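Engineer: Predicted model, plus sequence, below.
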Amino acid sequence: MAAAKYPLPAFLKGRCTEQAYRRWLSRKARTHVKRDRGRENSSATIEEYKLAIHEAVGKSRGKDEYTGEDLDWQLISEYNNEESKKGRRVYKKKFARLPTVDHVGDGTGPANFVIWGWRTNDCKNDLSRQEFIEFCRAVLVHCESILITQRMPTPSNWYEDFFHGVTLDLWRKAIPPEMTRAEAEFLLKNLGCEAGARVLDIPCGNGRLSFELAQRGYRVTGVDLAEEFIDEARASIQSIVIDPPATAGGTDISALLDFVLGDMRRVEGQGVYDAAYCFGNSFGFMEYTDMEKFLSGVARALKPNKRFIIETGMAAESVLPDFEEQSCHEIGDIVMTIKERYNAEESCVDSEYIFERNGKTESRKAKHWIYTAAEIQRMLEHAGFEVLNCYGSLELEPYKLGLRELYIIGQTR
């Protein structure tokens, strides 16, 4: 009688037996009735649920309702709870396409089911049908955005459009004043020049280090490609009141600072500076030939036997040992997600920065060429510098694998 009432659907013949199908049908009906009665659905009956599940199987044509993939109906007679407990995930993975039942709705109404695979069941969990569909849609949209990012390589001149708006707001918040002061002290001790010397800060950003050195009596020229930062630095000259140290001789800060909108690849001047530095992780923004132009330009602009200091957190020995493809940071009111891919053929990191603030999201792409510490030293020597020291911290710790920062001090010949 049971066989006549719940016959094996024609499309399942040869894929499972009548006996296995009827056992599966009864087992699923009992399980769902027990669950729904626990949800105060007192009208739920095993016979009603068996009929509803049997009809759902017929409508499914043996496929997963959500993915459309063929389910493996032979598995309905093979799953073993004891083996599952022993094998855990490895065992359960074999049953990804095991047919099971999803209740449409919350189980408190009429019996209404769809058929799906166990893998889909694990993904959906307690989500409603509509919630699950919306979740899958979000996954697809996100994955498509990743594929688009991968198909669209970051241009080598990415920095020309990167530094404005939210990226500069984040940079302002990211470095505390005490860090700027510590970096300034490091420069004063290692640039090898006295107050009154002409110093080149390139790229200078909003002039955070330029102001620190000017307050100590140095004449600083800051160069940066970001017009917003240069405008900010120029405006700050008038707003900062200085208590001049003795070495400054009471000189007005406006006479010590000059901020220039310019490109690192085209450093102006010849033999005009007593020292120079490149801080803020800027080394490696450009590909090799452009970095050579930058270093040669700095060497030309410096007087003989004058020092140039590079700081970077992107040397190969710093980045690659603990390379992360995705990280998230909260800085003030900005949440920044960084997605990165290391391109081994080009030795560079392609990055997507996603900024979230006040309910708005912006995305920017960047590319950073990765050089080893030895490569940077060779580039300096080729540009006309003698390398004096390599440090791994502001405290002059020797540089070694895994340290987050690299400081290289070079001197023109």
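Structural biologist: That came in fine, so what should we check first? Values in this document were obtained by computation on a predicted structure and should not be read as measured data.
Engineer: and the nearest residue to V166 once chain neighbours are set aside, what helix or strand is that in?
Structural biologist: The shortest distance from V166 to any non-neighbouring residue, by C-beta to C-beta, 6 or more residues apart in numbering, is to F355 (4.6 Å). The C-beta positions use only the backbone N, C-alpha and C, and glycine is treated the same way. Assessed by DSSP states H and E, F355 sits inside strand 348-357.
Engineer: What's the first helix or strand after that strand?
Structural biologist: Assignment by DSSP H and E places the next element after strand 348-357 at strand 360-369.
Engineer: Provide the strand pairings for that next one, with the direction of each partner.
Structural biologist: strand 348-357 (antiparallel) (DSSP bridges).
Engineer: per-residue confidence at the residue sitting nearest the centre point of the chain?
Structural biologist: The structure's the chain has its C-alpha centroid closest to I338; by C-alpha atoms, centre = their mean the separation is 1.7 Å. pLDDT, I338: 95.
Engineer: For the helix or strand harbouring it, C-alpha coordinates in PDB please.
Structural biologist: Here I338 sits within strand 334-343, counting by DSSP H and E. Taking Å, rounded to 0.1, in the frame of the first residue of the first chain, the C-alpha atoms of strand 334-343 are listed here in PDB:
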ATOM      1  CA  ILE A 334      37.100  55.300   8.700                       C
ATOM      2  CA  VAL A 335      37.000  51.500   8.300                       C
ATOM      3  CA  MET A 336      39.600  50.400   5.700                       C
ATOM      4  CA  THR A 337      39.700  47.000   4.100                       C
ATOM      5  CA  ILE A 338      42.800  46.100   2.100                       C
ATOM      6  CA  LYS A 339      42.700  43.300  -0.500                       C
ATOM      7  CA  GLU A 340      46.100  42.500  -1.900                       C
ATOM      8  CA  ARG A 341      47.600  40.100  -4.400                       C
ATOM      9  CA  TYR A 342      51.300  39.500  -4.800                       C
ATOM     10  CA  ASN A 343      52.400  39.400  -8.500                       C
END
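Engineer: What's the separation between K13 and P7?
Structural biologist: Per C-beta to C-beta, to the nearest Å, K13 is found 10 Å from P7.
Engineer: Give me the domain ranges for the protein.
Structural biologist: 2-147, 159-412 (automatic domain parsing).
Engineer: quick one: average confidence on the first one?
Structural biologist: In this model, domain 2-147 has a mean pLDDT of 87.
Engineer: related to what we said a few turns ago, contact partners for the residue nearest to V166?
Structural biologist: F355 is in contact with V166, T167, L170, I334, V335, M336, T361, E362, S363, R364, counting by C-beta atoms under 8 Å, 6 or more residues apart in numbering.
Engineer: got it, and E362?
Structural biologist: G165, V166, I354, F355.
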